[in-house]
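1. turn this into a structure:
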Amino acid sequence: MVAAPPKTAYYFDQAAADRAVDFFPRFLRHSKGEWAGQPINLVPWQERIIRDVFGWKRPDGTRRYRRVYIEVPRKNGKSTMLSGLGIYLLAADGEAGAEIYSVAGDREQARIVFDAAKQMVVDSPTLQEKAGLEVYRSSIVRQSTSSSYKVLSSDVNTKHGFNAHGVLFDELHTQPNRELWDVMTTSVGARCQPLIIAITTAGYDRHSICYEVHQQAEQALAAPNDWPDFYPVIYNAGDLDWHTPEAWRRANPSLGVTVQEEFLAEECRKAIETPGYQNTFRRLFTDEWTEQSSRWIDMAQWDLGSTPVDAESLRGRRCYGGLDLARVSDLSAFLLLFPPEGEAERWKVLVWYWCPEDDILQRSRRDRVPYDVWRDQGLIIATPGNATDFAFIEDEIIKLAGVYNIQEISYDRTFADQMVYKLMEEGLTMVGFGQGFLSMAPATAELGRLLKAGMLQHGGHPILRWNAGNAVVKQDPAGNLKPDKEKATGRIDGVVALLDAVGRAVLHDNKAGDWTWGAR
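-> Predicted coordinates:
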């Protein structure tokens with residue numbers, strides 16, 4: 001989907017648009033693959049973007065658009081287009097002392113676009129002789145206008161003080177935070193017609209700067225008059241089923257040119273057969289913002305359990321606890337899982353979270369989630385001090401044991417031992433639950449079965465949903481799955497507590513289904 005220019009005082013300069021489009025086949029050559037050495041002929045969707053960005057002008061004759069956001073699946077030629085635009089801004093945009101920068105999540109990613117641009121200059125005697133472009137390892141220089149095109153590392157501390165005319169962000173979704181984006185986008189203030197171009201595939205971090213700009217792009221597509229200097233482009237499958245060729249055709253504007261339907265069909269087959277690859281396919285080839293990098297929990301299935309849970313109706317009911325404690329100063333979770341008492345009833349979940357009160361705003365910024373808002377909403381309990389208050393949590397669990405009929409509490413043996421004895425003295429049955437494949441694989445499989453069958457009712461707790469969306473899994477040689485804390489996109493404390501509870505509940509409740517305990 002491409003923005004339709006609104007009817008305003010802006011005017012279209014046909015000559016400027018033609019000049020930018022003609023620059024590509026006239027001066028630039030492909031350097032890799034089957035088209036190596038051939039002129040770069042723009043695909044129609046690329047040509048439209050370049051015509052709009054360089055053709056639409058303000059009444060003073062400067063470019064109308066100052067920010068461009070292009071979200072399109074892989075292998076559609078976006079990096080090649082970005083490389084060519086970097087050279088155009090350096091050599092043909094008429095800006096004295098132009099500073100053009102290729103930036104990305106890390107230096108290696110940034111060099112992909114820059115190195116392609118450098119090779120285009122190397123392959124063009126005209127750009128070297130007539131435009132006067134000189135190629136160096138990390139820069140392309142035009143001495144006659146004191147201009148340069150450089151590649152930058154991701155070290156934000158060195159980016160202040162620049163006076164950018166063009167900033168080219170490749171794969172914006174890989175930015176670990178918003179710092180580099182803010183530094184570089186504020187470096188253009190002294191230019192009369194700066195251009196910031198971000199090209200990316202969809203991501204999975206909905207607290208990222210990329211998702212923030214993605215949302216702005218959606219708003220600008222819906223109301224272009226409200227965003228007069230922002231040019232948004234989003235190609236995705238929309239509401240089409242990602243399995244279908246129709247979805248691939250809608251999402252991939254270069255289908256049949258730079259990406260072939262046979263390739264997408266093969267990747268789709270792999271995604272169907274390998275659950276861990278499904279979200280990768282959906283992000284990279286149908287441009288869908290997913291909930292996690294490697295698919296485990298289907299969030300559409302998770303949301304089927306969002307019907308509110310009546311905690312009062314569960315008083316005195318038999319249940320199983322799962323406890324996941326923070327190491328020092330992070331999130332702790334305690335969860336109660338209630339087996340169904342009738343054929344039509346679902347497994348019900350109640351969950352409690354704690355975090356230290358001190359530095360809660362700092363942790364909110366670090367994890368990019370609103371701990372302070374959740375605290376104010378009563379969704380998380382802030383304990384006194386700057387470290388996990390185990391005594392406070394102990395007292396809370398003891399109080400809950402007086403309300404609910406807790407059969408067992410399973411816990412991660414690594415961190416919970418210090419409170420286990422106190423809870424045992426209060427009469428609670430505490431069971432250490434291993435975090436390896438032996439214990440976690442059956443619990444992971446069973447939780448997946450419950451979600452798929454729509455048999456888990458968690459009430460839509462927003463922190464537990466966030467945990468579920470963060471969870472990724474790893475696989476052993478036998479095909480067993482378990483959560484991978486190291487690769488999780490954020491905290492998964494509530495999901496770990498849920499798996500601990502599921503792992504014990506199925507040993508005592510026949511409704512949980514069949515298990516294969518020999519799996520490792």
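2. identify each buried residue in the helix or strand hosting residue 321, please.
-> Taking DSSP states H and E as the criterion, the element that holds residue 321 is strand 318-324. In terms of neighbour count (16 or more other C-beta atoms under 10 Å), strand 318-324 has its buried residues at 319, 320, 321, 322, 323, 324. C-betas here are computed from N, CA, C, even on glycine.
3. report the distance from that strand to the chain centre.
-> On the basis of C-alpha atoms, centre = their mean, to the nearest Å, strand 318-324 is displaced by 31 Å from the centre of the chain it belongs to.
4. and it, which strands flank it?
-> Pairing partners of strand 318-324, with direction, according to DSSP bridges: strand 332-338 (antiparallel), strand 405-411 (parallel).
5. to residue 507, which of those lies closest?
-> Comparison of these against residue 507 by C-beta to C-beta identifies strand 405-411 as nearest, at 9.0 Å.
6. and that closest one, which residues are buried?
-> For strand 405-411, by 16+ other C-beta under 10 Å, it's 406, 407, 408, 409, 410, 411.
7. past that strand, which element shows up next along the chain?
-> helix 417-425.
8. mean confidence for the very next helix or strand once past that following helix?
-> For helix 417-425, the following helix or strand on the C-terminal side (DSSP H and E) is strand 430-432. Mean pLDDT, taken over the full extent of strand 430-432, equals 91.
9. correct me, but residue 394 touches residue 425?
-> No. Counting by C-beta atoms under 8 Å, residue 425 is not a contact partner of residue 394; they are 10.1 Å apart.
10. who's more crowded, these two?
-> residue 394 (16 against 9; other C-beta atoms under 10 Å).
11. so the more buried one: helix, strand or coil?
-> The assignment at residue 394 comes out as helix when based on DSSP: H, G, I helix; E, B strand; the rest coil.
12. in contact with it, which residues?
-> Taking C-beta atoms under 8 Å, 6 or more residues apart in numbering as the definition of contact, the neighbours of residue 394 are 419, 422, 423.
13. what ranges do the helices span in the stretch 351-500 of the chain?
-> 360-367, 371-376, 390-401, 417-425, 437-452, 462-470, 493-508 (DSSP state H, counting those that start in this stretch).
14. which strands or helices does the second one pack on?
-> If you count contacts as 3 or more C-beta pairs under 8 Å, 6 or more residues apart in numbering; DSSP states H and E, helix 371-376 packs onto strand 347-356, helix 360-367.
15. what do you get if the cut-off is 10 Å, keeping everything else the same?
-> Packed against helix 371-376 by the contact rule (3 or more C-beta pairs under 10 Å, 6 or more residues apart in numbering; DSSP states H and E) you find strand 347-356, helix 360-367, strand 381-383, helix 462-470.
16. same question for the first one.
-> For helix 360-367, the contact count by 3+ C-beta pairs under 10 Å, 6+ apart identifies strand 347-356, helix 371-376 as packing neighbours.
17. closest one to residue 55 among the ones you listed?
-> Proximity to residue 55, assessed across the helices and strands packed on helix 360-367 by C-beta to C-beta, is greatest for helix 371-376 (44.2 Å).
18. what's in contact with the closest one?
-> With contact meaning C-beta atoms under 10 Å, 6 or more residues apart in numbering, helix 371-376 is reached by 331, 353, 355, 357, 359-365, 370, 379-382, 461-463, 466.
19. could you redo the last one with a cut-off of 6 Å?
-> 360, 361, 363, 364, 380, 382 (C-beta atoms under 6 Å, 6 or more residues apart in numbering).
20. report the residue ranges of every domain in the chain.
-> Each domain of the chain is listed here as a residue range: 66-234, 245-290, 301-512, per automatic domain parsing.
21. would TSV of the helices of the stretch 351-500 of the chain with mean pLDDT and distance to residue 239 be doable?
-> Listed next are those as TSV, based on pLDDT from 0 to 100; distance: least, C-beta to C-beta, whole Å:
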stretch	mean pLDDT	distance to residue 239
helix 360-367	84	31
helix 371-376	93	31
helix 390-401	94	43
helix 417-425	84	48
helix 437-452	88	22
helix 462-470	93	20
helix 493-508	91	28
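22. how about TSV for these, with distance to residue 39 added?
-> Supplementary listing: those in TSV, determined by distance: least, C-beta to C-beta, whole Å:
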stretch	distance to residue 39
helix 360-367	48
helix 371-376	54
helix 390-401	67
helix 417-425	69
helix 437-452	51
helix 462-470	45
helix 493-508	52
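23. so which of those is the most surrounded?
-> For the helices of the stretch 351-500 of the chain, ranked by mean neighbour count under the definition mean count of other C-beta atoms under 10 Å, the leader is helix 493-508 at a mean of 25.
24. pull the helix or strand with minimum mean pLDDT from the protein.
-> Across the helices and strands of the chain, mean confidence by mean pLDDT, DSSP states H and E is lowest for strand 473-475: a mean of 75.
25. ok, back up a step: same list, the strands paired with strand 318-324, but as TSV with distance to residue 207 and mean pLDDT please.
-> Compiled in TSV, the strands paired with strand 318-324 are given as follows (distance: least, C-beta to C-beta, whole Å; pLDDT from 0 to 100):
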stretch	distance to residue 207	mean pLDDT
strand 332-338	19	96
strand 405-411	29	95
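26. want to throw those strands into a markdown table with distance to residue 37?
-> What follows is these, written out as a markdown table (distance: least, C-beta to C-beta, whole Å):
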| stretch | distance to residue 37 |
| --- | --- |
| strand 332-338 | 59 |
| strand 405-411 | 64 |
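27. about what we covered before: the helices of the stretch 351-500 of the chain: which one's closest to residue 34?
-> Nearest to residue 34 among those is helix 462-470; the distance by C-beta to C-beta comes to 39.9 Å.
28. what is that closest one packed up against?
-> Helix 462-470 makes packing contacts with helix 493-508 when contacts are defined by 3 or more C-beta pairs under 6 Å, 6 or more residues apart in numbering; DSSP states H and E.
29. what about stretch 340-358, distance to the chain center?
-> Stretch 340-358 has its average C-alpha position 27 Å from the chain's average C-alpha position, going by C-alpha atoms, centre = their mean.
30. do stretch 299-314 as well
-> Taking mean C-alpha positions (C-alpha atoms, centre = their mean), stretch 299-314 and its chain are 26 Å apart.
31. report the contact partners of residue 196.
-> For residue 196, the residues meeting the contact criterion (C-beta under 6 Å, 6+ apart) are 67, 167, 185.
32. closest to residue 480 out of the helices of the stretch 351-500 of the chain?
-> Nearest to residue 480 among the helices of the stretch 351-500 of the chain is helix 437-452; the distance by C-beta to C-beta comes to 3.7 Å.
33. tell me which residues touch residue 66, please.
-> Residues near residue 66 by C-beta under 6 Å, 6+ apart: 194, 229.
34. let's see that with 7 Å instead.
-> For residue 66, the contacting residues are 194, 195, 196, 229, by C-beta atoms under 7 Å, 6 or more residues apart in numbering.
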